[in-house]
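Asker: Next input, structure requested:
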Amino acid sequence: MSKMAEMDQTIKELRDAAAAINSAADWLYQQFSGNDEEPAPQPEETQAEPEPKKELKLEDVRKVLAERSRAGYTTQIRELLLKYGASKLSAVDPKDYEALLFDVEGLNEF
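Answerer: Residues are numbered from 1 along each chain as shown. Sure, this is the predicted structure:
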């Protein structure tokens, strides 16, 4: 996973945690506010619709591949391009960009 993807995931997790803490604080406030009245039923939380995935562009993929190539993975990158039926990045089908990036990010795990 790239640093930006990790940062994005961490931010999302922090926001989810903050929302959970806020809900717990509201519940505790209602429970211990001293009102003898029945607390009003809380509206059920609606699930936030997942954000649509950003369309990957050739330039985005090229940037990641260039970084990995400079890190010494040029041969492995060429093999991955062949896996996706291309001898160069511009020949890779755009629908395969996400899978290609996933494979490229796995290169540093060896």
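Asker: count of neighbours near residue 61?
Answerer: If you count neighbours by other C-beta atoms under 10 Å, residue 61 ends up with 20. For the C-beta atoms, the positions are set from N, CA and C on the backbone; glycine is no exception.
Asker: Quick check: the gap between it and residue 96.
Answerer: Using C-beta to C-beta, to the nearest Å, residue 61 is found at 9 Å from residue 96.
Asker: For residue 102, pull up the helix or strand it's in.
Answerer: helix 97-105 (DSSP states H and E).
Asker: in that helix, what's buried?
Answerer: Across helix 97-105, burial judged by 16 or more other C-beta atoms under 10 Å covers 97, 100, 101, 103, 104.
Asker: Now pLDDT too, for the residues you listed, in CSV please.
Answerer: Shown next, in CSV, are the buried residues of helix 97-105 (pLDDT from 0 to 100):
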residue, pLDDT
97, 92
100, 92
101, 91
103, 91
104, 90
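Asker: and which of those is nearest to residue 7?
Answerer: Using C-beta to C-beta, residue 101 comes nearest to residue 7 of the buried residues of helix 97-105, at 15.9 Å.
Asker: The closest one is in contact with residue 64, isn't it?
Answerer: Yes - here residue 101 reaches residue 64: they are 5.9 Å apart, a contact under C-beta atoms under 8 Å.
Asker: which residues do the two both contact?
Answerer: Common neighbours of residue 101 and residue 64 (criterion: C-beta atoms under 8 Å, 6 or more residues apart in numbering): residue 2.
Asker: could you check the angle helix 97-105 makes with the lowest-mean-pLDDT helix or strand in the chain?
Answerer: The weakest-scoring helix or strand in the chain, judged by mean pLDDT, DSSP states H and E, is helix 3-31 (a mean of 84). Using axes from the mean of the first three to the mean of the last three C-alpha atoms, to 10 degrees, the inter-axis angle of helix 3-31 relative to helix 97-105 is 100 degrees.
Asker: Skip the chain neighbours and tell me the closest residue to residue 100.
Answerer: Leaving aside its chain neighbours, residue 100 sits nearest to residue 84 (5.8 Å; criterion: C-beta to C-beta, 6 or more residues apart in numbering).
Asker: That's all I had, so thanks and see you.
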